[in-house]
Structures are given as structure tokens and as C-alpha cells.
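**Student:** just need the structure, nothing else, for what follows:
(one chain, ligands or ions: 4)
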Amino acid sequence: MSTEGQVITCKAAVAWEPNKPLVIEDVQVAPPQAGEVRIKILFTALCHTDAYTWSGKDPEGLFPCILGHEAAGIVESVGEGVTEVQPGDHVIPCYQAECRECKFCKSGKTNLCGKVRGATGAGVMMNDRKSRFSINGKPIYHFMGTSTFSQYTVVHDVSVAKIDPQAPLDKVCLLGCGVPTGLGAVWNTAKVEPGSIVAVFGLGTVGLAVAEGAKAAGASRVIGIDIDPKKFDRAKNFGVTEFVNPKDHDKPIQQVLVDLTDGGVDYSFECIGNVSVMRAALECCHKGWGTSVIVGVAASGQEISTRPFQLVTGRVWKGTAFGGFKSRSQVPWLVDKYMKKVNLM
Ligand SMILES: NC(=O)C1=CN([C@@H]2O[C@H](COP(=O)(O)OP(=O)(O)OC[C@H]3O[C@@H](n4cnc5c(N)ncnc54)[C@H](O)[C@@H]3O)[C@@H](O)[C@H]2O)C=CC1
Ligand SMILES: N[C@@H](CCC(=O)N[C@@H](CSC=O)C(=O)NCC(=O)O)C(=O)O
Ligand SMILES: [Zn+2]
Ligand SMILES: [Zn+2]
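**Tutor:** Residues are numbered from 1 along each chain as shown. Ligands and ions are numbered 1, 2, ... in the order given. You can find the predicted model right below:
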């Protein structure tokens, strides 16, 4: 029986309050309005950013909400005017939209899109500034425009990437955030060249994807830094060639890396969200050219600092969102790469 145009009641994990256990609830999901898509979510992963917002440290965090932004599913129904996807299409919801019409999209300088960002940051849909989720009439906020910790979700059409229907959704859901972020940080933001020495701070999903991207770009050394030694074995499979645990050293970690690399690394990536580590990641870069990319998301109130001399003497500090990838255009390309078993390393 078609559910098109009907309210769907399904299970979702609801974050009622910061830092309190998520509760599996029966949630009502309203039909998609104009320019919206309702998706049956089949697989969702967990990114550190979900935990960050859940912790209450995200200045944009709104409660109660349905978290989740790294997922894959099948379109259940579409609202008026939606032309690029239809029911049955296999899709990845993209927290970073791509409308192809706004100032950002047309600039050719960024993957950030301005069309729905105001609504997604406010936990609502752009059309009527309301949520499509409710529990017995009480609205529940959307999160990052995706809310994938629900069996059904409603997203803006500019936030949906249509993918190869043969792709295994349990695997490619990871292309909704962590993997493109890491690969793109290396390929699009830093543009690492062959022979480079790379340092990766934090060996979670994002850091491992950075390592894999760096190896694929021809890095000669990929130094992985983590305080959890359990991360090191797995990281070898992603191209990390050397490991440093800051806990094993008395010297500041930036000094350890400068000493290990004859003056500093060519590129570093902070994949943790810790502002002290962001400073170390900049300061371990080589004088004259070293570039450090901030990937990690730091809590509300946290600020970065360093001596301006670090920049005067040629180090470059950058940041990246979704690895600089244009979501709707390039997520399907990443899925195709995965399907062709392109060996990145
Ligand atoms: N800019 C963007 O577009 C995106 C940013 N993020 C952010 O990237 C960061 C990483 O995300 P995930 O890989 O999912 O996190 P994760 O929690 O899986 O991995 C973080 C790693 O950092 C290590 N770590 C923690 N403190 C450390 C320290 N002081 N020194 C060295 N290692 C330390 C942990 O042991 C862990 O292995 C988070 O801040 C997340 O919010 C995630 C996705 C996209
Ligand atoms: N609301 C947060 C925003 C944190 C942030 O920077 N998010 C990243 C994606 S993290 C994915 O896992 C991002 O792409 N930012 C660009 C954007 O437009 O949000 C806060 O204020 O800390
Ligand atoms: Zn994420
Ligand atoms: Zn746009």
C-alpha cells in the first residue's frame, strides 16, 4: 500500500535533552512539501559530530531532536516540484546541500551552499519553517537537515544525492560524511602532492580517510597521531606509515614531529576537534610552506590561537567542510569509485 501523502508513524531515536540517553520513540513523519523528499532510511552510521551536538556543546544544538547525518536509503515520496529524484531511487542524504543556484554554489570557490542552511541550522524545513517530525503533536527538531536516526526522514531536495541502485547501502552510507570529509580534505582542500610528508591527528573515521587519501595522493610518509594505541593497527591498512602517541613523549607533540621530519611536515590535518591539538598541528608544519587543515569541530566557546609569527613565516592555516566536495554532484561519483573497486592506495 502506498504511503504517499500520508503521515507515517515509525521508530526514531529521539534526543530529548543534551547528554541524556536517546529514546526509541514512535514518531509521526509528515509528507514532504514542495521541494522536499521523504526517505526510508535503511542504514545510518555514527559520526563524532552527532555525539558533539548530543553533548550539548554545539551552539546550534536544539532539543528535542533526531540526530544522524551519515546514512543511505530509498526515496518513499517526493513533494511538488521535485524533479531530480523519484520514489524508489537509492539516495544518500547530504547535510551539506548543493542547490547550484545560490551565490555560494555559483562562486566556483566553495562547496558550501546557502539555500537551506538557515533552516537546517534552526532544525526546521525551509518551506514553512516547521518540523516534519512530531510525537503526539509535539514538534521534534530536525538535525543538520538530515535526521537519519529515524526509519523515515524528510530532507530538502537540494540535499539528496541519487546513487547507483546496485551500491550496498550498508557500506556507502559512510559516504554521507566521514569518508568524503577525509579524502576531500587531502585532495580538494590541501591538494597534497606526491612525495609529501603528512601528519594526521586523530585516527577515527575522518583521520583514517585522510590517511587513505594522502597515500592515494602519493605521500611518502603518513604519520598518525592518537592517544589511543588501539587505533594504530587498523590505521596501517589505511596507509599510515608511522605512529606517535603524545602520551609517550615529554616534549610538546609539535616539537616531536618537527624533530622526526627534519623541520616539519608538508601537510597536517586535525581530525579531533581539540583546539590545543589544532595549534600543535599548525606548529608542526614546515617553515615556509607547511599547510594545516582543521577538520575537527570544536565546542562552543573554544578558540584557536598561535603566534602570528607562525603564519608570517609561511605556514598556512585552512579548514574544510565535507572535504570541499560538492555533495549532490560528487557523492554519486564517490559511490561509483567504490563500486569499481578503485584501489585508492
Ligand atoms: N569538517 C567537517 O566537515 C567534519 C568534521 N568532523 C569532525 O571531525 C572530528 C573527527 O570525527 P570522527 O573521526 O568521527 O571522530 P572519532 O571520535 O571517531 O575520532 C577521533 C580520534 O581522535 C583521537 N583523539 C582524541 N583526543 C586526542 C588527542 N588529544 N590527541 C590525539 N588523538 C586524540 C581519538 O582517540 C579518536 O581516535 C570530529 O571533531 C568531528 O566532529 C566530522 C565530519 C565532517
Ligand atoms: N553547528 C556546529 C557546526 C559544526 C560544523 O562545523 N559542521 C561541519 C560538518 S561536521 C560533520 O560531521 C560543517 O560542514 N560545517 C559547515 C556548516 O555550514 O555547518 C557548530 O556551530 O559548532
Ligand atoms: Zn559527520
Ligand atoms: Zn547553493
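
**Student:** contacting residues for residue 32?
**Tutor:** By Cβ atoms under 8 Å, 6 or more residues apart in numbering, residue 32 lies in contact with 38, 77-79, 82, 132, 154. Bear in mind the C-beta positions are built from the backbone N, C-alpha and C, glycine included.

**Student:** could you measure from it over to residue 157?
**Tutor:** From residue 32 over to residue 157 the distance is 9 Å, taken as Cβ to Cβ, to the nearest Å.

**Student:** which residues are common contacts for the two?
**Tutor:** 78-79, 82.

**Student:** what about the residues you listed, which one has the most neighbours?
**Tutor:** Using other Cβ atoms under 10 Å as the neighbour test, these are led by residue 78, with 24 neighbours.

**Student:** so how far is residue 105 from that residue?
**Tutor:** Distance from residue 78 to residue 105, counting by Cβ to Cβ: 21 Å.

**Student:** thinking again about what came up before, what is the nearest of the contacts of residue 32 to ligand 4?
**Tutor:** Ligand 4 has its nearest neighbour among the contacts of residue 32 in residue 82, at 16.3 Å by Cβ to the ion.

**Student:** and the residue lying closest to the closest one once chain neighbours are set aside, what does it touch?
**Tutor:** Once flanking residues are discounted, residue 82 sits nearest to residue 157: 4.8 Å by Cβ to Cβ, 6 or more residues apart in numbering. By Cβ under 8 Å, 6+ apart, the residues touching residue 157 are 35-37, 78-79, 82, 84-85.

**Student:** residue 157 and ligand 1, how far apart?
**Tutor:** Distance from residue 157 to ligand 1, counting by Cβ to the nearest ligand atom, to the nearest Å: 22 Å.

**Student:** what residues does this protein put near ligand 1?
**Tutor:** Proximity of the chain to ligand 1 (Cβ under 6 Å from any ligand atom) is limited to residues 47-49, 52, 177-178, 181, 201-207, 225-228, 231, 246, 271-274, 277, 295-297, 320-322.

**Student:** which ChimeraX command selects the buried ones in the residues you listed?
**Tutor:** Listed next is the ChimeraX selection for buried residues among the residues of the chain next to ligand 1, using 16 or more other Cβ atoms under 10 Å:
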select :47,48,49,52,177,178,181,201,202,203,204,205,206,207,225,226,231,271,272,273,274,277,295,296,297,320,321,322
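
**Student:** so of the residues of the chain next to ligand 1, which ones are in strands?
**Tutor:** Taking DSSP state E as the definition of strands, those contribute 201, 225.

**Student:** can you tell me the closest non-neighbouring residue to the closest residue to ligand 2 within the stretch 101-250 of the chain?
**Tutor:** Here the residue of the stretch 101-250 of the chain nearest ligand 2 is residue 177; by Cβ to the nearest ligand atom that distance is 4.9 Å. With sequence-adjacent residues excluded and distances taken as Cβ to Cβ, 6+ apart, residue 177 is closest to residue 70, at 4.2 Å.

**Student:** so who does the residue in the chain positioned nearest to ligand 1 touch?
**Tutor:** Of all residues in the chain, residue 204 sits closest to ligand 1, at 2.1 Å by Cβ to the nearest ligand atom. Listed by Cβ under 8 Å, 6+ apart, the contact partners of residue 204 are 48, 178, 231, 271-272.

**Student:** mind picking the two most distant members of these?
**Tutor:** Within the contacts of residue 204, 178 and 231 form the most distant pair, 14.4 Å apart (Cβ to Cβ).

**Student:** return the residues of the stretch 101-250 of the chain in contact with ligand 4.
**Tutor:** Listed as neighbours of ligand 4 in the stretch 101-250 of the chain under the rule Cβ under 5 Å from the ion: 102, 105, 113, 115.

**Student:** one more pass at 8 Å, please.
**Tutor:** Residues of the stretch 101-250 of the chain lying near ligand 4 by Cβ under 8 Å from the ion: 101-106, 113-115, 158.

**Student:** what's the PyMOL line that selects buried ones from the residues you listed?
**Tutor:** Selection of the buried residues among these in PyMOL, burial being defined by 16+ other Cβ under 10 Å:
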select buried, resi 102+104+105+113+115+158
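
**Student:** export the residues of the stretch 101-250 of the chain next to ligand 4 to JSON lines and tack on pLDDT, distance to residue 240 and secondary structure?
**Tutor:** Formatted as JSON lines, those follow (pLDDT from 0 to 100; distance: Cβ to Cβ, whole Å; DSSP: H, G, I helix; E, B strand; the rest coil):
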{"residue": "101", "pLDDT": "98", "distance to residue 240": "41", "secondary structure": "coil"}
{"residue": "102", "pLDDT": "98", "distance to residue 240": "38", "secondary structure": "coil"}
{"residue": "103", "pLDDT": "98", "distance to residue 240": "39", "secondary structure": "helix"}
{"residue": "104", "pLDDT": "98", "distance to residue 240": "34", "secondary structure": "helix"}
{"residue": "105", "pLDDT": "98", "distance to residue 240": "35", "secondary structure": "helix"}
{"residue": "106", "pLDDT": "98", "distance to residue 240": "38", "secondary structure": "helix"}
{"residue": "113", "pLDDT": "98", "distance to residue 240": "33", "secondary structure": "coil"}
{"residue": "114", "pLDDT": "98", "distance to residue 240": "36", "secondary structure": "coil"}
{"residue": "115", "pLDDT": "98", "distance to residue 240": "38", "secondary structure": "coil"}
{"residue": "158", "pLDDT": "98", "distance to residue 240": "36", "secondary structure": "helix"}
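
**Student:** perfect, that will be all.
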